[in-house]
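Q: Model the following, please.
(one chain, ligands or ions: 2)
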Amino acid sequence: MKRVKGLWNKTVFPLFLMILTPHVALIMWYVSVHCEGSYSVFLGHFAGKPFYTSIIELWATMRPPSQFSVLVLFGFSVWSVILMKLLPGKIIKGPLTPKGNIPVYVDNGFLNYIVTMATFSIITVLLKVQGFSPSVIYDRFDEFIATLQIFSPLFCVLLYLKGRYWPSTTDNGVSGNFIFDFYWGTELYPRIFGIDIKVFTNCRFGMTVWALLVCIHALKSFELYGFVDSMFVSAVLQLIYITKFFWWEGGYMSTIDIMVDRAGYYICWGCLVYVPTFYASVSMYLVQQPVHLGITWSSLILLTGILCIAVNYLADLQKQEVRGTGGKCLVWGKRPNIIRAKYQLENGKEKESILLASGWWGLARHFNYLAEIMLALCWTVPSLFVNIMPYSYVIFLTFLLIHRSYRDDDKCGDKYGSFWVEYCQMVPHRIVPLLF
Ligand SMILES: NC(=O)C1=CN([C@@H]2O[C@H](COP(=O)(O)OP(=O)(O)OC[C@H]3O[C@@H](n4cnc5c(N)ncnc54)[C@H](OP(=O)(O)O)[C@@H]3O)[C@@H](O)[C@H]2O)C=CC1
Ligand SMILES: CC(C)CCC[C@@H](C)[C@H]1CC[C@H]2C3=CC=C4C[C@@H](O)CC[C@]4(C)[C@H]3CC[C@]12C
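A: Numbering: from 1, shown residues only. Ligands and ions are numbered 1, 2, ... in the order given. Next up is the predicted model:
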């Protein structure tokens with residue numbers, strides 16, 4: 001039984017995802033642009049054809065990388081690396097790794113984001129004056145997907161080799177199963193010329209490109225129809241969320257992505273290809289499917305979404321503050337219930353950490369996930385209920401976060417043992433209080 005589980009987790013599932021996800025990234029674009037945002041129309045395009053011819057036809061609709069797409073993506077990556085290196089920021093320390101290393105980061109993500117978005121706005125105005133528009137990226141998005149689909153797997157191969165033969169730290173290693181090692185990665189936080197790869201892929205590329213695409217899709221919509229409230233509401237919520245992310249970027253360095261997930265296909269390919277295509281898909285969908293919501297619905301959705309962002313942010317911040325002050329702070333006006341949980345590093349050294357069982361962390365073990373899902377629903381609902389396609393992200397996110405809550409339980413159970421059991425008894429529900 002254990003062997004079957006291992007085969008599923010370490011080979012079949014990763015392989016399945018690595019085969020499936022490049023198609024998904026392409027399908028999101030194809031359905032939005034060529035199928036009126038409808039999966040049924042999409043299936044109709046290939047009805048009666050053998051599966052493999054449909055796949056070939058689908059990929060053939062995508063134009064190959066152009067000089068333009070390569071230059072823009074390469075230029076943007078260089079720009080991000082330069083800003084990462086040059087912009088000032090407080091030095092922050094990441095959490096202690098299982099091998100006993102402490103990664104150090106320069107907390108300049110918010111500044112990086114502001115400088116990039118301001119530069120994008122200036123470029124947009126300059127282009128507009130000359131009769132051009134960045135919305136050409138929407139028009140030629142297939143060329144961009146093609147470029148990412150070629151370069152990102154190559155980048156992951158490079159990361160695999162780097163972790164195997166030239167690791168940056170002792171937090172590296174292989175399991176001997178190539179499929180799993182490629183998917184999961186061979187290093188926890190690789191650095192190339194001092195550039196932290198996960199900070200680059202997740203924050204400086206993935207999250208920033210997501211914000212830029214939201215603006216580009218909104219601009220395209222504006223050029224086509226003028227002001228559209230559904231696009232506005234969806235875009236504003238996504239942009240506030242992404243801005244919040246960068247504001248809190250220091251905290252992100254202590255999350256599962258950074259302290260557990262290695263730099264492999266899952267995280268790096270995911271942030272380079274999946275985030276731009278899948279995470280920004282609601283905005284891409286709305287370009288061809290504008291909806292008029294009216295002021296009442298627009299305001300209601302916007303306010304609910306902002307509330308969800310606030311809850312998500314406050315929950316993440318609460319954990320950070322309690323740990324930062326060693327539990328000597330107030331949570332919702334009271335002394336927090338905390339567990340001082342002991343754990344051991346791989347070298348046997350004993351350490352202590354705090355588990356918070358009050359505030360948002362007393363409602364459910366991952367209440368922050370509930371706010372995250374509700375928020376994604378808020379920026380999708382403006383597309384109304386005509387098609388399932390715009391809901392793809394929120395459906396994916398729900399599965400991702402449920403799976404993650406189990407993964408995190410396993411991880412924390414292994415790490416904290418009886419302290420985690422105690423916490424689970426105090427806070428029995430995972431994500432939804434009283435229900436799940
Ligand atoms: N849009 C998206 O695709 C996704 C968004 N997110 C968002 O990212 C943010 C971070 O999420 P994520 O990293 O998944 O998880 P969490 O922020 O929930 O962090 C989990 C970690 O926090 C520590 N921890 C767990 N319970 C407690 C507690 N009661 N008190 C103190 N520390 C605790 C443990 O780490 P330790 O080892 O330090 O004890 C655990 O591994 C969230 O806002 C989430 O919504 C997350 C995933 C996907
Ligand atoms: C099958 C794979 C290709 C799936 C790839 C998934 C990844 C792209 C995503 C997995 C976890 C995601 C994130 C975690 C936490 C985040 C913090 C939040 O505030 C912003 C979003 C994000 C950075 C998010 C980004 C995508 C993932 C890395």
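
Q: Do the longest helix seen in the chain and ligand 1 come into contact?
A: When secondary structure is assigned using DSSP state H, the longest helix within the chain turns out to be helix 295-324. Yes: for a cut-off given as CB under 6 Å from any ligand atom, helix 295-324 has contacts with ligand 1, namely 312, 316, 319. In short, each C-beta sits where N, CA and C put it, glycine included.

Q: what does stretch 10-27 give?
A: No: contact check for stretch 10-27 against ligand 1, using CB under 6 Å from any ligand atom: none in range, with a minimum separation of 13.9 Å.

Q: Check which residues of that stretch are buried.
A: 10, 14, 17-18, 21-22, 24-27 (16 or more other CB atoms under 10 Å).

Q: Quick one: mark the members of these that sit in helices.
A: When DSSP H defines the helices, the subset of the buried residues of stretch 10-27 inside them is 14, 17-18, 21-22, 24-27.

Q: Turn those into a markdown table, including pLDDT.
A: Rendered in a markdown table, the data for these read as follows (pLDDT from 0 to 100):
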| residue | pLDDT |
| --- | --- |
| Pro14 | 97 |
| Leu17 | 97 |
| Met18 | 98 |
| Thr21 | 97 |
| Pro22 | 97 |
| Val24 | 97 |
| Ala25 | 97 |
| Leu26 | 97 |
| Ile27 | 97 |
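
Q: Also within reach of ligand 2: list those from those.
A: By CB under 6 Å from any ligand atom, the members of those lying near ligand 2 are 17, 21.

Q: Name the residues of stretch 417-424 that come out as buried.
A: Along stretch 417-424, these residues count as buried under the neighbour rule (16+ other CB under 10 Å): 419-420, 423-424.

Q: so where's this structure shaky on pLDDT?
A: Within the chain, the stretches falling below the threshold (pLDDT under 70) are 1.

Q: if you set the cut-off to 50 instead, what comes out?
A: For the chain, no stretch is flagged by pLDDT under 50.

Q: Nearest to ligand 2: which residue in it?
A: When scored by CB to the nearest ligand atom, the chain has Gly270 as its residue closest to ligand 2, at 2.7 Å.

Q: Surely that residue is in a strand?
A: No: judged by DSSP: H, G, I helix; E, B strand; the rest coil, Gly270 forms no part of a strand; its state is helix.

Q: show me the residues around it that make contact.
A: 21, 206 (CB atoms under 8 Å, 6 or more residues apart in numbering).

Q: Please apply the same query to Pro64.
A: Contacts of Pro64 were listed using CB under 8 Å, 6+ apart, and they are 143, 146.

Q: Can you report phi and psi for it?
A: Taking degrees, to the nearest 10, you get phi -70, psi 170 for the backbone angles of Pro64.

Q: how near is the residue in the stretch 251-400 of the chain that ligand 1 sits nearest to to Tyr189?
A: Among all residues of the stretch 251-400 of the chain, Thr255 sits closest to ligand 1, at 3.0 Å; criterion: CB to the nearest ligand atom. For Thr255, the distance to Tyr189 equals 13 Å [CB to CB, to the nearest Å].

Q: Could you check which of these two has the larger neighbour count?
A: Regarding Thr255 and Tyr189, a neighbour count based on other CB atoms under 10 Å identifies Tyr189 as having more, with 23 against 17.

Q: Which residue comes closest to the more buried one once chain neighbours are left out?
A: Using CB to CB, 6 or more residues apart in numbering and skipping residues adjacent in sequence, the residue nearest Tyr189 is Pro103, 5.1 Å away.

Q: same thing with Tyr266?
A: Among residues not flanking Tyr266 along the chain, Tyr183 sits closest, at 5.8 Å (CB to CB, 6+ apart).

Q: burial count for that neighbour?
A: If you count neighbours by other CB under 10 Å, Tyr183 ends up with 23.

Q: Now do the same contact list for it.
A: Counted by CB under 8 Å, 6+ apart, Tyr183 has contacts 14-15, 17-18, 264-266.

Q: Widest-spaced pair of the residues you listed?
A: Leu15 and Gly264 (13.2 Å; CB to CB).

Q: Give me the distance between the closest residue to Ala25 other than its chain neighbours and Ser32.
A: Spatially, and ignoring its direct neighbours in sequence, Ala25 is nearest to Thr277 (4.0 Å; CB to CB, 6+ apart). Using CB to CB, one obtains 10 Å as the distance from Thr277 to Ser32.

Q: between these two, who's got more neighbours?
A: The residue with the greater number of neighbours, taking Thr277 and Ser32 and applying other CB under 10 Å, is Ser32; the counts read 28 against 25.

Q: Give me the secondary structure label for that one.
A: Ser32 - assigned by three-state DSSP - is helix.

Q: residues touching the residue of the chain positioned farthest from its centre, list them.
A: With distances taken as CA atoms, centre = their mean, the residue sitting farthest from the centre of the chain turns out to be Gly48, at 36.1 Å. By CB under 8 Å, 6+ apart, the contact list for Gly48 is empty.

Q: helix, strand or coil for it?
A: Gly48 ends up coil, using three-state DSSP.

Q: and it, what are its phi and psi?
A: Gly48 adopts backbone torsions of phi 80, psi 0, taken as degrees, to the nearest 10.

Q: Relative to Met389, how far out is it?
A: Counting by CB to CB, the separation of Gly48 from Met389 is 22 Å.

Q: Leu26 too?
A: According to CB to CB, Leu26 stands 13 Å off from Met389.

Q: Then Pro276?
A: Counting by CB to CB, the separation of Pro276 from Met389 is 17 Å.

Q: ok, and Ser405, which helix or strand is that part of?
A: When elements are defined using DSSP states H and E, Ser405 is found to belong to helix 392-416.

Q: got the contact list for that helix?
A: Residues from elsewhere that reach helix 392-416 (CB under 8 Å, 6+ apart): 28, 256, 260, 278-279, 281-282, 341-343, 353, 355, 365-366, 369, 372-373, 376-377, 380, 420-421, 423-424, 430-431.
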